[in-house]
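Undergrad: I'd like to go over a predicted model; first the sequence, then the structure.
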Amino acid sequence: MKNLVYIGLFFVLLFPLAAVGSQECVILLHGLARVSNSMAELETKLNRSGYSAISINYPSRKYAIDVLASDAVGRGISECAGVDTIHFVTHSLGGILVRYYLENSIIENLGRVVMLGPPNQGSEIVNGMLGVPGFKVFGGPTGIALGSGEGHIPDSLGPVEFDLGVIAGNTNINPLGLLFIRGENDSIVSVESTKVEGMNAHLVLPVTHTFMMRNNEVIDNVIHYLKTGSFIP
């Protein structure tokens, strides 16, 4: 009986590792004040497309960006151990965590990164809301660091040096967007602010910041970029 148990354990350990080693892993990082299930549709469709997708949950409003980057990105890398290639798909704050992490660390088997609505140059809404009572409590140390301009985290990060595709939204349903943001925006982040020096491709779609990660056209373009390094023509 013991021999059968040992043999069973051997095969359980052997074959999953062999399968994972041949796959490409995609780490999904959600945005501020969200949880991992906000990326559930992306996770499902990435898995169906042959990737091993892992959605990381992290306390986005509780800690500073350096702590969150080390924790969330680090856990994702650990869960992708043994794969040939690690990709990232991020929403909003998640993109800043990846940029922050890669400023100080190297991922040897890094593949491609797709960012959805990233405040790569900060969000003007944060600047406008900093003086509003209660905003600093709601946003936490991370939320208030995502403003645009000098003194905010996005401004301190350099050009990207990895294969990056950015998808921005230009549908505004937020009155604050009209009040604080110049130009086209997704209700939270301006199209211009999503851009960053060194990115490989930039795509604008008629989606909002809050729900873009669930939009079929966005998801199709994410998968196309991971496979080809370009968005759908």
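TA: Sure, I can see it.

Undergrad: flag the shaky bits of the chain, pLDDT-wise.
TA: 1-22, 138 (pLDDT under 70).

Undergrad: residue 127 is in contact with residue 193, correct?
TA: No: judged on C-beta atoms under 8 Å, residue 193 makes no contact with residue 127 at a distance of 11.2 Å. Heads up, the C-betas are built off the backbone N, CA and C, glycines and all.

Undergrad: number of residues surrounding the residue lying closest to residue 59 once chain neighbours are set aside?
TA: Nearest non-adjacent residue to residue 59, counting by C-beta to C-beta, 6 or more residues apart in numbering: residue 68, 7.6 Å away. For residue 68, the count of nearby residues is 25 (other C-beta atoms under 10 Å).

Undergrad: for the helix or strand harbouring residue 68, packing partners?
TA: Using DSSP states H and E, the element containing residue 68 is helix 65-68. If you count contacts as 3 or more C-beta pairs under 8 Å, 6 or more residues apart in numbering; DSSP states H and E, helix 65-68 packs onto helix 93-104, helix 135-143.

Undergrad: now it: how far from the chain's centre is it?
TA: The chain centroid and the centroid of helix 65-68 are separated by 14 Å under C-alpha atoms, centre = their mean, to the nearest Å.

Undergrad: tell me the buried residues in that helix?
TA: The neighbour-count check on helix 65-68 (16 or more other C-beta atoms under 10 Å) flags 65-66, 68 as buried.

Undergrad: and the contacts of it?
TA: 58-60, 96-97, 100, 141-142, 145, 153 (C-beta atoms under 8 Å, 6 or more residues apart in numbering).

Undergrad: got the CA coordinates for that helix in CSV?
TA: The C-alpha trace of helix 65-68 is given here as CSV (Å, rounded to 0.1, in the frame of the first residue of the first chain):
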residue,chain,number,x,y,z
ILE,A,65,4.0,51.3,-3.8
ASP,A,66,7.5,49.9,-3.0
VAL,A,67,6.0,47.3,-0.6
LEU,A,68,3.1,46.4,-2.9
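
Undergrad: next secondary structure after that helix?
TA: The first helix or strand that comes after helix 65-68 along the chain, using DSSP H and E, is helix 74-79.

Undergrad: with distance to residue 83 added, can I get the buried residues of helix 65-68 in CSV?
TA: Output for the buried residues of helix 65-68, formatted as CSV (distance: C-beta to C-beta, whole Å):
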residue, distance to residue 83
65, 26
66, 26
68, 23
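
Undergrad: for the most centrally placed residue in the chain, helix, strand, or coil?
TA: Ranked by distance to the mean C-alpha position of the chain (C-alpha atoms, centre = their mean), the top residue is residue 90 at 1.4 Å. Following DSSP: H, G, I helix; E, B strand; the rest coil, we place residue 90 in the strand state.

Undergrad: show me what it bridges to in the sheet.
TA: Per DSSP bridges, residues listed as beta-bridge partners of residue 90: residue 29, residue 115.

Undergrad: ok, now which ones touch it?
TA: By C-beta under 8 Å, 6+ apart, residue 90 lies in contact with 28-29, 31, 97-98, 113-116, 118.

Undergrad: and residue 187, backbone torsions?
TA: Main-chain torsions, residue 187, degrees, to the nearest 10: phi 100, psi -20.
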